[in-house]
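In: sharing a model that was predicted from the sequence below.
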Amino acid sequence: MSEGTMQRRAQRDQRDQRAKRLNRVLVCAAAVPVMLVAAGCSSDSGSGDSTDKAAKAAASASASPSPTVEAAAYSKLPEPCKALSKKTLKDLVPKSKSGKEGKSDDISTRGSCSWNSLDNNGVKGSQFRWLNVSMLRFESDATRGAADKLAQQYFDKQVQEAQAVEGAKGVKTDPVAGTGDQATAVHYDLKKKEGTFKQQTIVARVENVVVTLDYNGAGLAGDKTPSGDDMLKDAKKAAKEAVDAVSEANGKGGGKPSSAPSKSASKSPSKSPSKGASDEPSKDSEASPSKRPASKS
C-alpha cells in the first residue's frame, strides 16, 4: 500500500472519530433540558402539596363554630294597658276612663299605654294627671351581645335622658329598691304656662326588658300644686306593678330586687343624651314616648 493511500485512510479514521465524539456531545446536550424539565416537575409537585395543606387549614378554620350569646330570658311583654291594676289607675289617674295604647309593629318587642285625668273643680281650678308606661324588650344578638346587656345599655340612656329634660328644675335621682333587677327614679319640677308640673320618671330593668314609667301632675286654673313626694310614692308603686307584670307574662315571679341604681344614674344631668336607634330592637318600631309632661287637653 502506497504512503499516500495510508495517509488518506488515517485522515478518514480521524474524521470518523471526531464525528462520533461530536454525536456524543450532542446527545448529552439534548439530554440536559429533559433532566431540567424532570427536575422542574418534581419541584412543582412539592409546591402543590404545600398549597393543598394551606387550603385544608383554611377550610378547617372556617368550619370552626362562630361565637354564641346567651338566649334572652324573656320572650314576650304583657298588654301595656293591662300592666297596672284598676286600683292603681284609680289612685294615679282617677278621672281616666281608659288607657290609650301606643302603636307598635311588634307587640312582643315594644308596647306602651298612656292615661289622662282631669279633675275639674270649677272656679276652684282643676287637677291634671298624666301617666305613661312603656316597655322595650331586647333579643340576644351575636354581633351586639346578650339581651340583658343591651337592656342595661338602654336603661342607662333612659336615665340620662330623664335627667336632661330642658327646663327641668331641681332634678333629683334616687335608687328604687325591690323593683326588677335595677331601678332608678328621676324627679323634678317643670314650669309651664298652665302651672308647675311635678314630674316623676321611674326607669327599671328586669332581665332583658326595660320599663319606663312617667307620671306628672299639676294644679291648673289656680288649684294647688300636687305633692311631689306623694306622686313619687305612687309612681314607684306603679312601676313595680308594671315590672312584675312583665315577669308574670313570661311565667316567672318578680325580678330580683336591687337597691343599687345604675352607675350612669348620676345626680347631674347628662348634657348630650344618646338617642341612637341602634339601641332599639328594630328600626321600624315606634319611638319611646316623650318624657315631657302632657299639657292640658
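Out: Arrived safely, thanks for sending. The shown structure was predicted, so the numbers you read here are calculated from the model rather than taken from an experiment.

In: could you list the low-pLDDT ranges of the protein?
Out: Counting by pLDDT under 70, the chain has low-confidence residues at 1-67, 253-297.

In: against residue 121, how distant is residue 176?
Out: Applying Cβ to Cβ, to the nearest Å, the value for residue 176 to residue 121 is 32 Å. Using the backbone N, CA and C atoms, a C-beta is placed for each residue, glycine as well.

In: higher neighbour count, the two?
Out: Using other Cβ atoms under 10 Å as the criterion, residue 176 and residue 121 rank with residue 176 on top: 23 against 13.

In: tell me if I'm right that the more buried one and residue 185 touch.
Out: Yes - applying Cβ atoms under 8 Å, one finds residue 176 in contact with residue 185, separated by 5.1 Å.

In: hey, what's in contact with both of these two?
Out: 202, 236 (Cβ atoms under 8 Å, 6 or more residues apart in numbering).

In: list the buried ones in stretch 113-123?
Out: For stretch 113-123, burial by neighbour count (16 or more other Cβ atoms under 10 Å) applies to 113, 114, 115, 116, 117, 118.

In: looks to me like residue 87 is in a strand.
Out: No - counting by DSSP: H, G, I helix; E, B strand; the rest coil, one finds residue 87 to be helix, located in no strand.

In: please begin residue numbering at 48 from this point
Out: Sure thing, new numbering starts at 48, so read that last one as residue 134.

In: state the distance from it to residue 281.
Out: Separation of residue 134 from residue 281 (Cβ to Cβ) stands at 11 Å.

In: the more surrounded of those two?
Out: The neighbour comparison of residue 134 against residue 281 (other Cβ under 10 Å) goes to residue 281, with 20 against 9.

In: the more buried one belongs to a helix?
Out: Yes - looking at residue 281 with three-state DSSP, it is inside a helix.

In: that one contacts residue 262, correct?
Out: Yes - contact status for residue 281 versus residue 262: in contact at 6.8 Å, counting by Cβ under 8 Å.

In: since that was my last question, I'll sign off now.
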